[in-house]
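Peer 1: Build me a structure from this.
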Amino acid sequence: MNKVVLMILVVITTTFLNAQDKMQNINFLFANNGYGFGYEYEAFRKSNVSIGVDLRFYDIRNDEFPVYNPYYNQFTVAGEKDILLFPIFFKTSYYLFDGQIANSFRPYLTFSVGPFIAVDGDETISSFSKKWRSTESQTNLGASLGFGVNFSQSSGNTLSLGLGYDYLNVEKPIHSKEDFGGGYLFLKYQINRE
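Peer 2: Numbering: from 1, shown residues only. As a prediction, this is how the structure comes out:
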């Protein structure tokens, strides 16, 4: 098993080093289960095909809602759960209509697959640092499929908007829930291009 993982890493590293164009992006994600942000490294193998790494962080917040307490004239949060997801995806993107429309408008399809780590913090502890010391975590396989559009600016930077679907199912339920995937919107900003 270790030889297979080592071989895959060698192939991916060689592919990134020999790529024509490389980009780094910061992502802001708005999912039906919460919100998150991420970092992408993309290397173009052809003018319309890229491969890369997609690292994300999700804060799961779908079961929380504010409750008003009239005695203290304050809102409290009911159903609060401290669940974090860390997907580590290998991705490929296919840019549609390459060379057929203006380069400032580039629609694309993207597919990602890889492991994700689910961390469940202890909600009964109020101290932030102690809450994350006594956590339970598990690693599972996840995937993502999306559609986006790159808008190039005259300064050379690119802004991308899109939507997608995550498949993030855990093997052991966390707070009696197994499916943390679903639809998401993303805003991606290119931080540099090599």
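Peer 1: Please, which helix or strand holds the residue with the largest distance to the centre of the chain?
Peer 2: In the chain, Tyr71 marks the outermost C-alpha relative to the chain mean, sitting 41.1 Å out by C-alpha atoms, centre = their mean. Tyr71 belongs to no helix or strand when assigned by DSSP states H and E.
Peer 1: Roughly how far does it sit from Leu96?
Peer 2: 58 Å (C-beta to C-beta, to the nearest Å). Backbone N, C-alpha and C define where each C-beta goes, glycine included.
Peer 1: Can you check the pLDDT for Tyr41?
Peer 2: Predicted confidence (pLDDT) for Tyr41: 90.
Peer 1: what about Gly164, how many residues close to it?
Peer 2: Here the number of neighbours of Gly164 (other C-beta atoms under 10 Å) works out to 20.
Peer 1: As a check, name the ranges of all helices in the protein.
Peer 2: For the chain, the helices defined by DSSP state H cover 2-17, 128-131.
Peer 1: Pull up the per-residue confidence for the residue lying closest to Leu159 once chain neighbours are set aside.
Peer 2: Excluding its sequence neighbours, the residue lying closest to Leu159 (C-beta to C-beta, 6 or more residues apart in numbering) is Phe151, at 5.0 Å. Per-residue pLDDT puts Phe151 at 85.
Peer 1: Surely Phe151 and Thr158 touch.
Peer 2: Yes: the pair Phe151 and Thr158 qualifies as a contact (C-beta atoms under 8 Å) at a distance of 6.7 Å.
Peer 1: which one of these two has more residues nearby?
Peer 2: When neighbours are counted by other C-beta under 10 Å, Phe151 and Thr158 differ, and Thr158 comes out ahead with 18 against 12.
Peer 1: Is the more buried one in contact with Asn150, as I believe?
Peer 2: Yes: if you go by C-beta under 8 Å, Thr158 and Asn150 touch, sitting 5.0 Å apart.
Peer 1: residue closest to the middle of the chain?
Peer 2: Arg56 (3.7 Å).
Peer 1: Who does the closest residue in space to it that isn't next to it in sequence form a beta bridge with?
Peer 2: Distances taken as C-beta to C-beta, 6+ apart put Gly38 closest to Arg56, at 3.8 Å, once the chain neighbours are dropped. Beta-bridge partners of Gly38, counted by DSSP bridges, are Asn27, Arg56.
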